[in-house]
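**Student:** starting from these lines, generate the structure:
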Amino acid sequence: MKRRGNKLAKIMGVCVSMTLALAVAFAINTSSSANASPSETQATVYEETGSGGIFSFFKRVSVKKCAIVLSETSFEWTGEECKPVPTVNYKGTELQYGVDYIVNYKNNIDAGQGTVEVKGKGDYRGTAKVKFNINGINIANACTAEVNDGIVRVYKDGTLLPENNYSVVDYKQETLVGSIEGPNGELNTYDVTYTYVITGKGQYSGSITLKETKREMRYENHQF
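**Tutor:** Numbering: from 1, shown residues only. You can find the predicted model right below:
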């Protein structure tokens, strides 16, 4: 009984404190000048009650509700960071960088899609993301490629292109073309097609697809 009484007393104490804070806030709001701005009133509430955070959370506007326009939406690859400048508006009012929001960039060097992250500050909250393009050298137009026994090579102007400029993904497809029954199982013959997709990285974009077909034989369904 003693523990329950203490717990109840603590809960009642919290409720009383919150009620007093709301009462003080109401009194301050009603006694404030009619021309006082919301931010000024909010600051006064915090100073008097220490409860500004409770009210400010509901007053802050999500930046996802803002209109965001980038100064540029497409860049040519240079090897340097691409940083389009966002203009942020909320209901016709332009927000101020550093006061209402800050900006971060992601994936803004290599060819592909970069991202501008607009993060709310002050009276604004949340994060909005806007994409832009970085155009690289199309590897399919600028380079040639070959595959020999599973080894892929890419050339630009007759010179071997370093492997850090592209990635390779391969997969295979098998077609059974013959089968011979034997005492220990079946000797099956397959036409196997290996497909290699070469995708540009860094300053290169686009892709090249190569195919290599081999005939393979192997014993299956062994019987011992």
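**Student:** in the sheet, which residues pair with the residue nearest the centre of the chain? Tell me.
**Tutor:** Central residue of the chain (C-alpha atoms, centre = their mean): T115, 7.2 Å from the mean position. The partner list for T115 in beta bridges (DSSP bridges) reads K106, K131.
**Student:** who are the contact partners of it?
**Tutor:** Going by C-beta atoms under 8 Å, 6 or more residues apart in numbering, T115 touches 105-108, 129-132. C-betas here are computed from N, CA, C, even on glycine.
**Student:** by mean pLDDT, which helix or strand of the protein comes out lowest?
**Tutor:** In the chain, no helix or strand scores lower on mean pLDDT, DSSP states H and E than helix 38-49, which sits at a mean of 40.
**Student:** domain parsing for this structure?
**Tutor:** 62-135, 138-220 (automatic domain parsing).
**Student:** tell me the spacing between the residue nearest to the centre of the chain and L95.
**Tutor:** 19 Å (C-beta to C-beta, to the nearest Å).
**Student:** how about T193?
**Tutor:** Taking C-beta to C-beta, one finds T193 at 56 Å from L95.
**Student:** who has more neighbours out of those two?
**Tutor:** Shown here are T193 and L95; by other C-beta atoms under 10 Å, L95 has more neighbours (22 against 14).
**Student:** surely that one touches P86?
**Tutor:** No. Taking contacts as C-beta atoms under 8 Å, L95 lies outside contact range of P86: 9.5 Å.
**Student:** circling back: per-residue pLDDT, the residue nearest to the centre of the chain?
**Tutor:** Per-residue confidence (pLDDT) for T115: 99.
**Student:** what residue ranges in the chain score low on pLDDT?
**Tutor:** Low-confidence segments of the chain (pLDDT under 70): 1-58, 222-224.
**Student:** how much space separates the most far-flung residue of the chain relative to its centre from N221?
**Tutor:** Computed with C-alpha atoms, centre = their mean, the residue of the chain farthest from its C-alpha average is P183, at 58.2 Å. Distance from P183 to N221, counting by C-beta to C-beta: 12 Å.
**Student:** likewise A140?
**Tutor:** 43 Å.
**Student:** one more: Q203?
**Tutor:** 51 Å.
**Student:** more crowded one of those two?
**Tutor:** Remark: of Q203 and N221, Q203 carries more neighbours, 19 against 11, as counted by other C-beta under 10 Å.
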